[in-house]
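S.K.: Predicted model, plus sequence, below.
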Amino acid sequence: MSVRSSSLSALAVLAAIGLPLGGMAALERDRPAPPEQQVVQAAGTGRSDVMANLFEWNWTSVAKECTNVLGPSGYAGVQVSQPADSLKRTKLGDGSDTVLHPWWEIYQPVSYELAGRMGTEAEFRAMVKTCRQAGVKVYVDAVVNHMTGQGSVSYGGRSYSHFEYPGLYDAADFHQKGTDCPSATGGIDDFNNLQQVLKCELVGLADLRTDRPEVQKELAGYLNKLLGWGVSGFRVDAAKHIGQADLIALQKKLRDTVDGTRPYVALEVFGGGPGILSPHAFTEAGSAVLGLDADIQLKNAFKSYPENATGSLATLQGFGEGSGLTPSRKTLSFVQNHDTERNGDSLNYKDGATNVLANQFLLGYGYGTPQVYSSFAWETTDASPPADKDGYITDTDCTSKAWVCVHSDPAVTGMVSFHNHVGRSPVRNWWDDGGNLIAFSRGKAGWMALNNDKQPRTATFDTGLPGGTYCDVTTGTVKKGKCSGSTVQVGSDGRAKVTVKGKSAVAFTKADRL
């Protein structure tokens with residue numbers, strides 16, 4: 001829930017997260033990582049590092065999905081939403097609000113008890129256990145930079161005020177205007193000013209003094225509680241506004257996971273900041289940073305302006321470090337997340353087949369630790385996930401138009417299998433037509449082609465694989481020596497003439513040879 005300093009105006013950011021505009025502060029490949037910095041492999045042969053991000057799914061729905069889809073499809077992890085007790089709005093804002101329980105309620109924590117929109121503590125713990133039994137590790141979205149910016153009551157029934165959270169924090173635990181924060185408003189007026197970024201309020205949210213021992217003790221206690229229940233790591237919200245020193249100090253206080261490894265910690269650091277505020281500068285302050293510049297490059301390749309035009313997939317040659325992004329081993333990559341799908345930085349589910357194709361590319365190309373995002377459909381940026389009248393999120397139904405389940409699309413799960421099989425094999429045999437048809441192999445382990453044009457395209461490619469008949473994993477699977485989808489014939493010279501349908505991909509690995 002950070003903001004990109006170079007792309008959003010104050011009013012745009014306030015509107016994007018649904019805070020009232022009046023009375024609020026103005027705004028803002030590849031060597032393996034060391035074992036303590038890797039996403040821990042899930043149990044089971046062939047598992048790799050792919051995560052699903054099930055944004056604002058309730059705990060019982062996540063548990064079912066781990067058992068029925070994520071585990072069987074080869075996902076190694078699932079990122080779940082901020083679980084702590086949070087703001088519960090009881091009335092609309094200043095007249096511009098139209099959503100009583102917007103999605104961003106959960107990003108204003110009130111306590112570290114698990115009594116939020118997604119379910120109870122018991123349901124959360126049962127979900128973690130169920131997912132681990134399915135071979136899927138759980139990663140939690142952790143909000144540790146701030147508390148609330150409005151309201152006075154939580155989902156757990158707690159009363160609070162801006163700087164007073166009974167039994168947890170008081171005014172001494174927060175940065176204050178004039179003493180700590182140098183801006184006139186108490187908010188971040190200049191997102192390139194280090195003091196303001198670290199010590200002023202992000203869009204009116206009470207900013208914790210994360211260097212204070214008492215605050216670090218509370219934060220570490222919360223995160224260690226989750227680790228003790230079987231959580232394997234965290235996505236740290238607004239990490240840019242915490243700073244490297246406090247992030248490192250906090251992580252030193254964390255216990256090992258139940259598997260005996262160090263927690264995986266992915267930091268949210270939007271680009272656009274200079275020097276110490278850049279994503280590159282945070283790569284040693286955690287296991288990884290979020291690939292928030294990568295999703296912009298993907299959008300620009302798959303969809304450019306005007307909106308009815310397409311970009312050029314040929315520009316993706318060298319995508320990753322070669323295109324100025326953070327190192328692959330230090331990046332949690334994705335096509336979109338809950339912020340970027342709304343603020344225009346990335347593709348979103350409304351891009352349909354183009355969005356699926358971009359996810360297929362990311363899984364196939366292998367930059368970063370890939371994450372596939374699934375959430376709910378929305379028409380306004382503040383929209384609530386499907387919920388009851390009190391704001392509690394109802395069970396996910398992937399057959400309903402209210403939910404968008406990209407992670408379970410067979411064209412995507414096939415590429416999870418592809419990704420797991422090819423591992424860290426290098427990109428080789430790159431081919432493109434200068435436009436929207438590209439192809440590449442992953443060493444001698446797999447090959448794929450992608451067509452972002454609307455019409456089918458045919459070409460002859462060097463696959464880098466032995467001759468034979470292969471099952472296209474984007475359309476089917478191999479069972480008892482037969483492919484349930486389409487096949488590709490590779491000659492003894494490793495070449496194949498392939499027709500790639502419009503807005504589609506073709507992919508196979510050595511394991512998919514019939």
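M.R.: Structure received.

S.K.: on contacts alone, who are the packing partners of the longest helix anywhere in the chain?
M.R.: As assigned by DSSP state H, the longest helix anywhere in the chain is helix 213-228. If you count contacts as 3 or more Cβ pairs under 8 Å, 6 or more residues apart in numbering; DSSP states H and E, helix 213-228 packs onto strand 137-142, helix 244-252. Every residue, glycine included, has its C-beta placed from N, CA and C.

S.K.: so what does the helix or strand just after it touch, helix or strand wise?
M.R.: Sequence-wise, the next helix or strand downstream of helix 213-228 (DSSP states H and E) is strand 233-236. Helices and strands touching strand 233-236, as assessed by 3+ Cβ pairs under 8 Å, 6+ apart, comprise strand 137-142, strand 264-267.

S.K.: TSV please, covering the ones you listed and showing distance to Asp85, mean pLDDT and mean neighbour count.
M.R.: As requested, the helices and strands packed on strand 233-236 are exported to TSV (distance: least, Cβ to Cβ, whole Å; pLDDT from 0 to 100; neighbours: other Cβ atoms under 10 Å):
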stretch	distance to Asp85	mean pLDDT	mean neighbour count
strand 137-142	14	98	26
strand 264-267	22	98	26
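
S.K.: any chance of those in TSV, with distance to Thr474 too?
M.R.: Below are the helices and strands packed on strand 233-236 laid out as TSV (distance: least, Cβ to Cβ, whole Å):
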stretch	distance to Thr474
strand 137-142	26
strand 264-267	28
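
S.K.: which stretches of the stretch 1-150 of the chain form strands?
M.R.: 51-54, 77-80, 115-116, 119-120, 137-142 (DSSP state E, counting those that start in this stretch).

S.K.: can you redo those strands as CSV with distance to Gly366?
M.R.: Listed next are those as CSV, based on distance: least, Cβ to Cβ, whole Å:
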stretch, distance to Gly366
strand 51-54, 14
strand 77-80, 16
strand 115-116, 35
strand 119-120, 35
strand 137-142, 20
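
S.K.: who wins for proximity to Asp409 among these?
M.R.: strand 51-54 (11.5 Å; Cβ to Cβ).

S.K.: The closest one pairs with which strands, parallel or anti?
M.R.: strand 77-80 (parallel), strand 369-376 (parallel) (DSSP bridges).

S.K.: Now the first one - C-alpha only, PDB.
M.R.: Included here for strand 77-80 are C-alpha records, laid out as PDB according to Å, rounded to 0.1, in the frame of the first residue of the first chain:
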ATOM      1  CA  GLY A  77       3.100 -21.300  -1.800                       C
ATOM      2  CA  VAL A  78       0.100 -19.100  -1.300                       C
ATOM      3  CA  GLN A  79       0.100 -15.400  -0.200                       C
ATOM      4  CA  VAL A  80      -2.900 -14.500   1.900                       C
END
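
S.K.: does Glu84 really touch Tyr222, like I thought?
M.R.: That one is not Glu; residue 84 is Ala. Yes. The criterion here is Cβ atoms under 8 Å, and Ala84 meets it with Tyr222 at 7.1 Å.

S.K.: list residues touching both of those two?
M.R.: Counting by Cβ atoms under 8 Å, 6 or more residues apart in numbering, the contacts common to Ala84 and Tyr222 are Tyr112.

S.K.: any idea of the mean pLDDT in stretch 149-161?
M.R.: Average pLDDT, stretch 149-161: 97.

S.K.: ok, and for it, which residues are buried?
M.R.: Going by neighbour count (16 or more other Cβ atoms under 10 Å), the buried part of stretch 149-161 is 149-151, 154-156, 158, 160.

S.K.: returning to what we had before: how about the longest helix of the chain, which residues are buried there?
M.R.: 215-216, 218-220, 222-223, 226-227.

S.K.: Take that helix, keep the C-alpha atoms, and write them as CSV.
M.R.: Presented in CSV, the C-alpha positions along helix 213-228 are these (Å, rounded to 0.1, in the frame of the first residue of the first chain):
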residue,chain,number,x,y,z
PRO,A,213,12.3,-1.1,21.0
GLU,A,214,8.8,-1.3,22.4
VAL,A,215,7.3,-1.1,18.9
GLN,A,216,9.7,-3.7,17.6
LYS,A,217,8.8,-6.0,20.4
GLU,A,218,5.1,-5.8,19.6
LEU,A,219,5.7,-6.3,15.8
ALA,A,220,8.1,-9.2,16.4
GLY,A,221,5.6,-10.8,18.8
TYR,A,222,2.9,-10.7,16.1
LEU,A,223,5.0,-12.1,13.3
ASN,A,224,6.6,-14.8,15.5
LYS,A,225,3.1,-15.8,16.6
LEU,A,226,2.3,-16.4,12.9
LEU,A,227,5.6,-18.2,12.3
GLY,A,228,4.8,-20.5,15.2
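
S.K.: And the contacts of that helix?
M.R.: Residues contacting helix 213-228 (Cβ under 8 Å, 6+ apart): 83-84, 112, 140, 142, 144, 168-169, 173, 208-210, 234, 246, 249-250, 253-258, 263.

S.K.: Could you say which one of the strands of the stretch 1-150 of the chain comes nearest to His338?
M.R.: Per Cβ to Cβ, nearest to His338 of the strands of the stretch 1-150 of the chain: strand 51-54, 8.3 Å.

S.K.: Quick one: distance of stretch 103-111 to the chain centre.
M.R.: 18 Å (Cα atoms, centre = their mean, to the nearest Å).

S.K.: okay, how far is it across that stretch, tip to tip?
M.R.: Start-to-end span of stretch 103-111 (Cα to Cα, to the nearest Å) is 18 Å.

S.K.: which residues sit against that stretch?
M.R.: Against stretch 103-111 from outside (Cβ under 8 Å, 6+ apart): 1, 17-18, 56, 81-82, 84-89, 116-118, 143, 146-151, 154, 156, 158, 160, 165, 167-168, 205, 237, 338, 378, 382-385, 391.

S.K.: Tell me the bridge partners for Val490.
M.R.: Going by DSSP bridges, Val490 forms beta bridges with Gly468.

S.K.: Relative to Leu208, how far out is it?
M.R.: Distance check for Val490 against Leu208: by Cβ to Cβ, to the nearest Å, it reads 57 Å.

S.K.: now swap in His241 and tell me
M.R.: For His241 relative to Leu208 (Cβ to Cβ), the value is 10 Å.

S.K.: okay, those two: which has more neighbours?
M.R.: Neighbours around His241 and Leu208, counted as other Cβ atoms under 10 Å, are more numerous at His241. The numbers are 29 against 23.

S.K.: That one and Leu292, how far apart?
M.R.: 14 Å.

S.K.: of the strands of the stretch 1-150 of the chain, which approaches Thr509 most closely?
M.R.: Closest among the strands of the stretch 1-150 of the chain, once you apply Cβ to Cβ, is strand 51-54, at 20.4 Å.
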